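In: Here is a sequence together with a model predicted from it:
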Number of protein chains: 2
Amino acid sequence: MNIGVFDSGFGGLTVLRALLDRLPGANYFYLGDTARLPYGAKSQATVARYAVSSAHFLVEQQKADYLVIACNTASALALDAIRDAVAAPVLGVIETGANAAQASTKTGDVLVMATAATVESHAYSAACHERGLRAIEKAAPLLVPLVEEGWVDHPVTEEVLRIYLSELLEESNRASIQPDTLVLGCTHYPLLRANIERALPESIRVIDSAEATAAQVAAALCLPDAPCKAEGKSHTRRFYATDSVSKFRNLGTRFLGQRIEEVELIDLGG
Amino acid sequence: MNIGVFDSGFGGLTVLRALLDRLPGANYFYLGDTARLPYGAKSQATVARYAVSSAHFLVEQQKADYLVIACNTASALALDAIRDAVAAPVLGVIETGANAAQASTKTGDVLVMATAATVESHAYSAACHERGLRAIEKAAPLLVPLVEEGWVDHPVTEEVLRIYLSELLEESNRASIQPDTLVLGCTHYPLLRANIERALPESIRVIDSAEATAAQVAAALCLPDAPCKAEGKSHTRRFYATDSVSKFRNLGTRFLGQRIEEVELIDLGG
């Protein structure tokens, strides 16, 4: 079983990390479209063009049997385009995040923090609405650069989180909803999970869509009464990037939580 | 006289703004490669590929007689590649910034704040060294996202600037140099000029490379004893972007300081 994992950059490695814990027997092919990142502030047409070319690479050239779109922005803006473009089943982190929110919430009211493009698409709101939940979304564009600067346990990051979260809670007060769940709608945010939990009231549970995604991939591939499809003898892990492989190795190690030995540079024509 | 101005995004509009003040009689063609921005954390090979395709568009398709590379990262990493690729004269903001620093400094010691890629290239150090100056460079990757978040007069931005500038001044103390000039080595930074001046000792003068660039373009095109080449009857201003034209219009207006009416979407194949 070859599982392709796609992200605009390094953040999707938090999803791969969760997948490696759940399904260590599969082969993994990870592509970070680092030459064209970040997707979070770009238009739907541009994100769809980039994501489709990346999905083609994983499914057609690397023979992925199953494709995980670990990038929230690409899941929000381009999931249909990707499903139209490739033959493999495709799972996006928006639907897995919304499923996990549905399983978590008792009040039916959910908060979401994400990139500007994800929030503007209202993909989380729509996915929550389909599941009978109400959602309030908040763009938090400074969190990705703060994580990439390495300022995870830093007073500036605490202050930025305090501002974003208090604006989000004020908005939910104005809407008279009772949120008990917050979805981390960007794969960089799990690195700030402890900081976010500290800044929130205890009544609000944080959902990490990386973990939720891994659980749902496992549920899809390992049915209770059959041998798990994600078992195999070889355990390939291959990493591809469209920009600097040394940067990918260095920064990626932080997101994956283990050393990345080899990264291959590919050209998607961008 | 057709002047092409190229940037990865909106920041170069601060250079265009300074050019419009100095040389209002020229025609301007501005390209923001917004689908592939930011360049500031990408590799030399990728930045050069993007910048050369953008330069081709301005010189070959828009008939620019003179090309200004308003993007510090592209000037630092790709100026030679651009000069090899197009027939028009090409001016980059690193050399104009270094010229302005040379004109400003009395001690011969200069500080530079720029993106990670510009700093890693040491293009400012090299350009300063050629002019007999010593330079200490500092990457300030959070400043662009803070400007784009609109947090210009904001306590978080003041704190981030305090941290970056105190690290820069500590480094110059350790090197026992006496800086009297700081170059803003990124076209987003002029929007933070007042904040930066407040955070610095009064003995240090801030150089805005946008203004320096406009002055040097004027000096090249308007010789003292000849009619200025940058005068004309028509005053064309055209704007091109590779991603969302509405975002370009909205955000661009802040950088240009005047309303942008029309932006054309182009595809450079990325």
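Out: All right, it came through fine. Values in this document were obtained by computation on a predicted structure and should not be read as measured data.
In: Hmm, A:Arg83 is touching A:Leu91, no?
Out: No. With contact defined as CB atoms under 8 Å, A:Arg83 does not reach A:Leu91; the gap is 10.1 Å. C-beta here means a position set from N, CA and C on the backbone, and glycine is covered the same way.
In: Looking at the two, which one has more neighbours?
Out: Neighbours per residue, other CB atoms under 10 Å in any protein chain shown: of A:Arg83 and A:Leu91, the larger number sits with A:Leu91, 19 against 16.
In: and the more buried one, helix, strand or coil?
Out: Three-state assignment for A:Leu91 (DSSP: H, G, I helix; E, B strand; the rest coil): strand.
In: Identify the residue nearest it in space, chain neighbours excluded?
Out: A:Val68 (5.4 Å; CB to CB, 6 or more residues apart in numbering or on different chains).
In: What is the neighbour count of the one you found?
Out: Neighbourhood size, A:Val68 [other CB under 10 Å]: 29.
In: what's downstream of the strand or helix carrying it, the next helix or strand?
Out: Using DSSP states H and E, A:Val68 maps to strand A:66-69. As assigned by DSSP H and E, the chain's next helix or strand after strand A:66-69 is helix A:72-85.
In: So for that next one, what gets flagged as buried?
Out: For helix A:72-85, burial by neighbour count (16 or more other CB atoms under 10 Å in any protein chain shown) applies to A:72-79, A:81-83, A:85.
In: what does it rub up against?
Out: A:6-8, A:38-40, A:42, A:44, A:47-48, A:50-52, A:55-56, A:67, A:69, A:90, A:92-95, A:97, A:114-115, A:117-118, A:121, A:123-124, A:185-187, A:209 (CB atoms under 8 Å, 6 or more residues apart in numbering or on different chains).
In: Contacts for stretch A:90-99, please.
Out: Contacts of stretch A:90-99 (CB under 8 Å, 6+ apart): A:15, A:55, A:66-72, A:74-76, A:79, A:82-83, A:112, A:118, A:123-124, A:127-128, A:130-131, A:133, A:183-185, A:187, A:207, A:209-210, A:212-213, A:215-217, A:220.
In: Whichever of these end up buried, select them in PyMOL.
Out: The PyMOL command for the buried members of these (criterion: 16+ other CB under 10 Å) is given here:
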select buried, chain A and resi 15+55+66+67+68+69+70+71+72+74+75+76+79+82+83+112+118+123+124+127+128+131+133+183+184+185+187+207+209+210+212+213+215+216+217
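In: Pull up the residues of the stretch 1-150 of chain A that are close to chain B.
Out: A:34-36, A:41-43, A:46, A:141-142, A:144-146, A:148-149 (CB under 8 Å from any CB of the partner chain).
In: What about the one residue in the stretch 1-150 of chain A that gets nearest to chain B, how many residues nearby?
Out: Per CB to the nearest CB, A:Ser43 is where the stretch 1-150 of chain A lies closest to chain B, at 3.9 Å. A:Ser43 has 22 neighbours, counted by other CB under 10 Å.
In: residues contacting it?
Out: With CB under 8 Å, 6+ apart, A:Ser43 has these contacts: A:117, B:243-244, B:247.
In: Same check on A:Pro145?
Out: Here A:Pro145 is in contact with B:141-142, B:144-145 (CB under 8 Å, 6+ apart).
In: Looking at those residues, spot the one nearest A:Ser104.
Out: When the contacts of A:Pro145 are ranked by distance to A:Ser104 (CB to CB), B:Pro145 comes first, at 30.2 Å.
In: can you pull out the helices in the stretch 101-250 of chain A?
Out: For the stretch 101-250 of chain A, applying DSSP state H, counting those that start in this stretch gives helices covering A:116-121, A:123-130, A:143-148, A:155-174, A:193-199, A:209-221, A:245-256.
In: Save the ones you listed as JSON lines, and put in mean pLDDT too.
Out: Shown next, in JSON lines, are these (pLDDT from 0 to 100):
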{"stretch": "helix A:116-121", "mean pLDDT": "93"}
{"stretch": "helix A:123-130", "mean pLDDT": "97"}
{"stretch": "helix A:143-148", "mean pLDDT": "94"}
{"stretch": "helix A:155-174", "mean pLDDT": "97"}
{"stretch": "helix A:193-199", "mean pLDDT": "96"}
{"stretch": "helix A:209-221", "mean pLDDT": "93"}
{"stretch": "helix A:245-256", "mean pLDDT": "92"}
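In: Need these in JSON lines (columns: distance to A:Glu137).
Out: JSON lines is the format used below for the helices of the stretch 101-250 of chain A (distance: least, CB to CB, whole Å):
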{"stretch": "helix A:116-121", "distance to A:Glu137": "5"}
{"stretch": "helix A:123-130", "distance to A:Glu137": "6"}
{"stretch": "helix A:143-148", "distance to A:Glu137": "14"}
{"stretch": "helix A:155-174", "distance to A:Glu137": "9"}
{"stretch": "helix A:193-199", "distance to A:Glu137": "15"}
{"stretch": "helix A:209-221", "distance to A:Glu137": "14"}
{"stretch": "helix A:245-256", "distance to A:Glu137": "24"}
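In: State the distance from A:Val86 to A:Ala55.
Out: Distance, A:Val86 to A:Ala55, by CB to CB, to the nearest Å: 5 Å.
In: Overlap in contacts, these two.
Out: Common neighbours of A:Val86 and A:Ala55 (CB under 8 Å, 6+ apart) are A:Leu67.
In: what about A:Leu31, neighbour count?
Out: 27.
In: Within range of chain B, give me the residues from the stretch 151-270 of chain A.
Out: A:151, A:155-156, A:159-160, A:163, A:242-244, A:247, A:269-270.
In: In these, find the pair that's most separated.
Out: Maximum pairwise distance in these, criterion CB to CB, is 42.5 Å, between A:Pro155 and A:Gly269.
In: Those two: who's more crowded?
Out: Each of A:Pro155 and A:Gly269 has its neighbours counted (other CB under 10 Å); A:Pro155 has more, 11 against 8.
In: re the thing from before, looking at the residues of the stretch 1-150 of chain A next to chain B, which two lie furthest apart in space?
Out: A:Ser43 and A:Glu149 (26.0 Å).
In: if we can go back for a sec, so which of the contacts of A:Ser43 is the closest to B:Leu169?
Out: B:Lys247 (36.1 Å).
In: what's around that closest one, how many residues?
Out: Around B:Lys247 there are 18 other residues, counting by other CB under 10 Å.
In: from the chain's centre, how far out does stretch A:157-165 sit?
Out: 21 Å (CA atoms, centre = their mean, to the nearest Å).
In: Kindly indicate which of the contacts of A:Pro145 lies nearest chain A.
Out: If you rank the contacts of A:Pro145 by distance to chain A using CB to the nearest CB, B:Pro145 comes first, at 4.3 Å.
In: Distance of the closest one relative to A:Val68?
Out: Taking CB to CB as the measure, B:Pro145 falls 27 Å from A:Val68.
In: Filter the residues of the stretch 151-270 of chain A next to chain B down to the buried ones.
Out: Counted by 16+ other CB under 10 Å, these give A:151, A:156, A:160, A:163, A:242-244, A:247, A:270 as buried.
In: could those be laid out in a markdown table, adding distance to B:Glu171?
Out: Formatted as a markdown table, these follow (distance: CB to CB, whole Å):
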| residue | distance to B:Glu171 |
| --- | --- |
| A:Trp151 | 18 |
| A:Val156 | 20 |
| A:Val160 | 25 |
| A:Ile163 | 30 |
| A:Thr242 | 33 |
| A:Asp243 | 28 |
| A:Ser244 | 25 |
| A:Lys247 | 23 |
| A:Gly270 | 36 |
